[in-house]
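[1] Pasting the sequence and the predicted model now:
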Amino acid sequence: MPELPEVQTTVDGLNLRLKNLTITDIWSSYNSASHAGKDNIKNVLYFKNFRAVVSGAKFLKAERRGKNILIDLSNQHTVLIHMKMTGHLLYGSYNLHKDGGKEIWRPDKNAANEALHDPFNQHLRLVFSLSDGKQLAFSDMRKFAKVFVVPTSEKYTLPDIAELGPDALAKNFTFEKFCEQILKRPNTAIKQVLLDQSLMSGIGNIYSDEMLWAAGIHPLSTPAAIPKNSANQSMNHSLKSLYKEMRIVLERGLHFGGDSESDYRNIDGVPGEFQNKHHAYRHTGEVCAKRGCGGIIQRLKIGGRSAHFCSKHQTRFTSNKKK
DNA sequence: TGCAGTGTTGCTTC
DNA sequence: CGAAGCAACACTGC
């Protein structure tokens, strides 16, 4: 779901659409004490405080740290949003309806915005009203998302941000640094290592499968056993190729506006296209798309996640020495 | 009809 | 410390 390319696409959309807008008010479905106490949108740092801090502030800029979105406001405060599994930010025109004692936001029927035709509007948890008369709505079907506000001076010292490893696409995240991080877990399946946000940040289940497929490395390979460089010209089956493919696959995800295999939409409600470019993820039982390979895509549970891979061209490197 | 599967993270346990 | 397992929740598909 939202992995690095999807979160970046969302952040780019926020910077494009919300520039110079002021948040006139906010609303939340979690406006009741019965939901307080958990570390997610339910407590919204106790909604009244959140509302008091955020209302009236102007949007300055959004940025991405791993899979987190940081939104700087003009009043020296920053909103952190992690979309987790099913979070969606949607920008468009909504109207507040009263249904008995219950308040419900519904898309404006006359608006042409694609965001407003999405089923995610059934699960709105938080709505920012903006000075252009439109709204930024946050939908979160499974209610796993995290949203809170802190002084901007503290944004990078939050555990959510400070404990992240280097960003997978950062310019200064060199091959040497990549190896250093990967080798901190020398005997753990590479699939799990790539998903560990404290080692490097931004990679999720889909892109990890795709980069391992492209690099020709079996997801159960252990880092210490994978050659650093490959002998042949193709640079395949090595940490070097994995590093290279990591960059390529994530950049491609970004280029195609993210991956909507599941239900990702950008803030205008438009799906991405990367789901049509998969070679491994959710291709179980299909013939491997690699030229001349002819293998069949397998699926395996690794670290509680499903991994998809070609058992023919993805080499399994494991250490012989068992402890 | 019921239950496994789905993406991400955090907490508990060993 | 690391790693496994499960919980947080809701919906889809077999």
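    Alright, I've got the coordinates. This is a predicted model, so every value here is computed, not measured. Residues are numbered from 1 along each chain as shown, chains lettered A, B, ... in the order given.
[2] And the residue of the stretch 1-150 of chain A closest to DNA strand C?
    Going by C-beta to the nearest atom of the strand, DNA strand C is nearest to residue A:142 of the stretch 1-150 of chain A, at 3.2 Å. The C-beta positions use only the backbone N, C-alpha and C, and glycine is treated the same way.
[3] Look at that residue and give its secondary structure.
    When classified by DSSP: H, G, I helix; E, B strand; the rest coil, residue A:142 comes out as coil.
[4] Would you confirm that it contacts residue A:86?
    Yes: using C-beta atoms under 8 Å, residue A:142 is in contact with residue A:86, at 4.5 Å.
[5] More neighbours: which of the two?
    residue A:86 (19 against 10; other C-beta atoms under 10 Å).
[6] Skipping adjacent residues, who's closest to residue A:134 in space?
    residue A:93 (5.2 Å; C-beta to C-beta, 6 or more residues apart in numbering).
[7] Hmm, that neighbour is touching residue A:109, no?
    No: here residue A:93 lies out of contact with residue A:109, judged by C-beta under 8 Å, at a distance of 9.4 Å.
[8] Looking at these two now, which is surrounded by more residues?
    residue A:93 (17 against 8).
[9] how about the residues of chain A that lie near DNA strand C?
    A:84-85, A:122-123, A:141-144, A:184-185, A:187-188, A:192, A:303-304 (C-beta under 7 Å from any atom of the strand).
[10] Quick check, residue A:167 in contact with residue A:65.
    Yes: using C-beta under 8 Å, residue A:167 is in contact with residue A:65, at 7.3 Å.
[11] and for these two, which residues touch both?
    By C-beta atoms under 8 Å, 6 or more residues apart in numbering, residue A:167 and residue A:65 have these common neighbours: residue A:201.
[12] Comparing the two, which shows the higher neighbour count?
    Ranked by neighbour count (other C-beta under 10 Å), residue A:167 and residue A:65 place residue A:65 first, with 21 against 17.
[13] which non-adjacent residue is nearest the more buried one?
    residue A:161 (4.9 Å).
[14] Check which helix or strand the one you found maps to.
    helix A:159-162 (DSSP states H and E).
[15] So which elements touch the helix or strand of chain A with the lowest mean pLDDT?
    When the helices and strands of chain A are scored by mean pLDDT, DSSP states H and E, helix A:47-54 comes last with a mean of 81. Here helix A:47-54 is seen to pack against strand A:23-28, strand A:77-82, strand A:146-151 when contacts are counted using 3 or more C-beta pairs under 8 Å, 6 or more residues apart in numbering; DSSP states H and E.
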